[in-house]
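*Asks:* The following block contains a protein sequence and its predicted model.
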Amino acid sequence: MPVKKMTEKYSGKSISKRRLIIVESPAKANTISKLLGHSYAVHASVGHIRDIESKGRGKKAFGIDFENGYEPRYTIIPAKKKNVAVLLKAVAKADEIYLAPDPDREGEAIAWHLKEALELDDRRAMRITYQAVTKKAVTAALGNPRQIDMRLVDAQKGRRVLDRIVGFNLSPFLWKKVAKKLSAGRVQSVAVRMIVEKEREIGAFVPQEYWKIEADLHSTKEDASPFVATLTTWEGENFGLGGKFSSTESEARRVEEALRGADYTVFEVQNKETSSRPAPPFITSTLQQTASSQLRFSIRKTMQVAQKLYEGIEINEGPVGLITYMRTDSHRLDHEAVSEIRNWIAREYPQYLRKSELIYGTKPKGGVKAQDAHEAIRPTSVHRTPELMKSFLSNEQFKLYELIWRRTIASQMQNARYSVTTIKLTAAKGEFEAKGRVTLFDGFTVLAPEIRKVKEEYQDLPSLVKGETLVLDALRNEQNWTNPPYRYNEASLVKALEKQGIGRPSTYAAIIQTIRERGYVRLEKRAFHASELGIAVNDILFKEFPNILNYRFTAEMETNLDAVERGEIDWRELVDNFYKPFAIRVEEAIEKSEPLKGRTWEGEQKCPACGKSLVLRYSKSGAFLGCSGYPKCKGVMSFPGEGDDDGEIDEEPVTCPKCGRLMFLKSNRFGKFYSCSGYPECKTTANLSAEGRPVFLPDIKLDCDECDTPMEVKSKMRGPAMVCPNPDCRRELPIRDGKPVSLPKANGVKCEKCGSAMIVRLSKRGPFLACTGFPKCRNTKKLALQK
């Protein structure tokens, strides 16, 4: 984008100033560019442009100078080099540069890296922040620039150094003790521990029997509605879970018989008024949890959709951010925003307006200090109602925007008020209870129905008085069993992490994504299950590095990083206090701990190759069953239960077409495939068809028509192909309908751009010449297919 010029009048002279704004997102750059017009050039860094290098061996691979205050060695991310070159050209033409990434630690760090990499001085480079991508907010930020806050940068730097130290130490430990290419992280490992512990709670759960007796009753008064009462006590003892008379069928039946001929008399009627206060505006975690429960959005989807709403949506008046910054743990609302909300309620729902502004606290659950520089997540204008915005939004964007808008408006509405009636009655040696609730004033629920579950099931109760005798219509005696603990879903895991003070608004989605990608947990029917690999990794890490997986220790580290942000602790001191004892423990664990040995498999399956018993083993792809006769026998099987369908024995056994051994279904990061149980002697594999059956590569013998080298059959992205293994030739012939396609020869054609040899490839549009210097050189030429 060319740098625009703006002419200003100063002391009678025309002064031309070229202004550049750098944000981290192309979408935000596009919105701000349209908001500000030609006065500014706007470019995007596309996230971070530098990262800690990881070259070399030993400590050098950490990219950290351990002898010089743990200072990280940064390098330009290879994929960002072209973007940096573009930014350098833009910077060279600018007189004033505004660094405008997101208003948090990560955004401050991106701004600092831009300043360092682009070699900007304080005179030209200024930092601006804004909570909303609107013309008003961005213009106000431009009028109030500042220098980069190194406290925020240091907090982010400290986090990255700590994460690098933990990851680069624990991962090699896992390679030696569990399996190659495994990895572990400082915060992610704690999240895995939570899921593993829940898995064990469920495994250890023993259902408990209890009986429940309910009576269908009605009053003798005319038009009195029937209702249901539940037996709460018998002979003064609790009747229900854990009760003396309700734990066995025989006792429950004895109570039932006594109740069938009893008189049912009201002995107490209680009427109590209660109220329900509106929930505070959303913070990151509550938005994620509510979107998960109400919209069935994943945490990742919620943040992706919120990001788009924040960065800008094209509406009638042009592009504008519809919500404020979505990574926040503060419930605070800007005073001007509160005034706008209250004015809107006064006009649209005057009877629902609170008498005074409702101010929400800034501490989330867990007592962790909120980032109060931020606001809660709210609409940038309450006048942009969901109905007015619907035509400009996708279905997902509309649903999330409506959720945020309604929650924000409701937060300044009156409480909902209810009248709760409790009726208690006697029958034989027991007491029954029935509850009913009537809404007196719906309050905020007119816009945002209560999300919280009502513990009791309320019903409509008739008007009764003390001493009144009721008629028994029916008596039900039902057997019940206690349920195992609920598994974590994404929303409840975020809530648990937040409660423990682990992680921050910007990290929850990444934590969940990482532990899923590593195969330590899997999500089935929206619930987390710990994999066998995840359990194994958790157990050995907890045994050898209890502090790393300790909830309090991890939360205190987060608190200390917050203190770095406030300038109360030096990040180097924080890292030093952690690293020295940790490094000693790593050395001891590597030297003294035993490699994790797979436990004997207790299932019915035997080794498919030799018939011996199987042992549970681990690899980077997960747990699998290996022959107990290893290394003499290398038979393997997929582990039952890992993944949705992984490890299940195929109803129609698949045999290897080359050696005749059984083949088993496996999975890796590319998906599922069949592998020969004779591996590594036989390396036959097969991808899956749409029906889930193996698709074998054809057995074709063919010499290369350019260099006479025997060609090999390979599986390529566009399908199977004959490939010449000669590195000086590299000819490929696509296989279609089981036969190689005849392609023209390259005949020694050289690339005119780089001088490398050209080869013939086939695309959907036909054959073409491609440079072998790919990806550095992407030169191509058209060809015609031989007839």
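*Replies:* Structure's in. What do you need?
*Asks:* okay, now the domains of this structure?
*Replies:* Following automatic domain parsing, the chain resolves into domains at 5-148, 163-204+490-592, 209-277+417-481, 284-410, 614-695, 712-782.
*Asks:* Now render these as CSV, adding mean pLDDT.
*Replies:* Formatted as CSV, those follow (pLDDT from 0 to 100):
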stretch, mean pLDDT
domain 5-148, 88
domain 163-204+490-592, 92
domain 209-277+417-481, 91
domain 284-410, 90
domain 614-695, 69
domain 712-782, 80
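*Asks:* Give me the most central residue, the chain.
*Replies:* Closest to where the C-alpha atoms of the chain average out (C-alpha atoms, centre = their mean) is residue 509, at 3.0 Å.
*Asks:* And the helix or strand hosting it, what's buried?
*Replies:* Here residue 509 is covered by helix 508-517, with elements defined by DSSP states H and E. Residues of helix 508-517 classed as buried: 508, 509, 510, 511, 512, 514, 515 (neighbour count, 16 or more other C-beta atoms under 10 Å). No exception for glycine: its C-beta is placed from N, CA and C like everyone else's.
*Asks:* I would like the residues contacting it, please.
*Replies:* 185, 187-188, 191-192, 195, 284-285, 288, 299-300, 302-303, 490, 493-494, 497-498, 503, 521-523, 534 (C-beta atoms under 8 Å, 6 or more residues apart in numbering).
*Asks:* mind listing which of the residues you listed are in strands?
*Replies:* Taking DSSP state E, the ones among the contacts of helix 508-517 that sit in strands are 521, 522, 523.
*Asks:* and the nearest residue to residue 442 once chain neighbours are set aside, what pLDDT?
*Replies:* Distances taken as C-beta to C-beta, 6 or more residues apart in numbering put residue 416 closest to residue 442, at 5.7 Å, once the chain neighbours are dropped. Looking at residue 416, its pLDDT reads 94.
*Asks:* List the contacts of residue 416.
*Replies:* Shown in contact with residue 416 (C-beta under 8 Å, 6+ apart): 275, 276, 439, 441, 442, 443, 444, 445, 450.
*Asks:* Separate out the buried members of those.
*Replies:* Buried members of those, counted by 16+ other C-beta under 10 Å: 443, 444, 445.
*Asks:* out of those, who's nearest residue 63?
*Replies:* For the buried ones among the contacts of residue 416, the closest approach to residue 63 (C-beta to C-beta) belongs to residue 444, at 51.4 Å.
*Asks:* any chance of the buried residues of helix 508-517 in a markdown table, with distance to residue 412 too?
*Replies:* As requested, the buried residues of helix 508-517 are exported to a markdown table (distance: C-beta to C-beta, whole Å):
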| residue | distance to residue 412 |
| --- | --- |
| 508 | 27 |
| 509 | 29 |
| 510 | 33 |
| 511 | 33 |
| 512 | 32 |
| 514 | 38 |
| 515 | 38 |
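*Asks:* before we move on, back to that, restricted to strands, list the contacts of residue 416.
*Replies:* Per DSSP E, the contacts of residue 416 map to strands at 275, 276, 439, 441.
*Asks:* Could you export those as JSON lines, including distance to residue 542?
*Replies:* As requested, the ones in strands among the contacts of residue 416 are exported to JSON lines (distance: C-beta to C-beta, whole Å):
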{"residue": "275", "distance to residue 542": "45"}
{"residue": "276", "distance to residue 542": "42"}
{"residue": "439", "distance to residue 542": "50"}
{"residue": "441", "distance to residue 542": "52"}
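*Asks:* Give me the distance between the helix or strand residue 338 falls within and the centre of its chain.
*Replies:* Assessed by DSSP H and E, residue 338 sits inside helix 335-348. Centre-to-centre, helix 335-348 and its host chain are 34 Å apart (C-alpha atoms, centre = their mean, to the nearest Å).
*Asks:* can you list contacts of it?
*Replies:* So helix 335-348 is contacted by 333, 352-354, 357, 375, 378, 381-383, 408-409, 411-413 (C-beta under 8 Å, 6+ apart).
*Asks:* Show me what counts as buried in that helix.
*Replies:* Neighbour-count burial for helix 335-348 [16+ other C-beta under 10 Å]: 337, 338, 340, 341, 342, 344, 345.
*Asks:* same deal with stretch 421-440?
*Replies:* Applying a neighbour-count criterion of 16+ other C-beta under 10 Å, one finds 421-428, 430-432, 434-437 buried in stretch 421-440.
*Asks:* What lies in contact with it?
*Replies:* So stretch 421-440 is contacted by 215, 217, 227-235, 239, 255, 258-259, 262-273, 416-420, 454, 456, 458-461, 464, 470 (C-beta under 8 Å, 6+ apart).
*Asks:* try it again with 6 Å
*Replies:* By C-beta atoms under 6 Å, 6 or more residues apart in numbering, the residues outside stretch 421-440 that reach it are 227, 229-235, 258-259, 262, 264-271, 417-420, 456, 458-461, 464.
*Asks:* How far does it stretch from one end to the other?
*Replies:* Start to finish, the residues bounding stretch 421-440 are 13 Å apart (C-alpha to C-alpha, to the nearest Å).
*Asks:* Off-centre distance for that stretch?
*Replies:* The answer for stretch 421-440 is 45 Å, by C-alpha atoms, centre = their mean.
*Asks:* okay, now the nearest residue to residue 142 once chain neighbours are set aside: neighbour count?
*Replies:* Counting by C-beta to C-beta, 6+ apart, residue 142 lies nearest to residue 128, which is 6.0 Å off, once chain neighbours are set aside. The number of residues packed near residue 128 is 20, by other C-beta atoms under 10 Å.
*Asks:* contacting residues for residue 128?
*Replies:* The contact partners of residue 128, taken as C-beta under 6 Å, 6+ apart, are 98, 100, 141, 145.
*Asks:* and it, how far is that from residue 54?
*Replies:* 32 Å (C-beta to C-beta, to the nearest Å).
*Asks:* same check, this time on residue 259
*Replies:* With distances taken as C-beta to C-beta, residue 259 is found 73 Å from residue 54.
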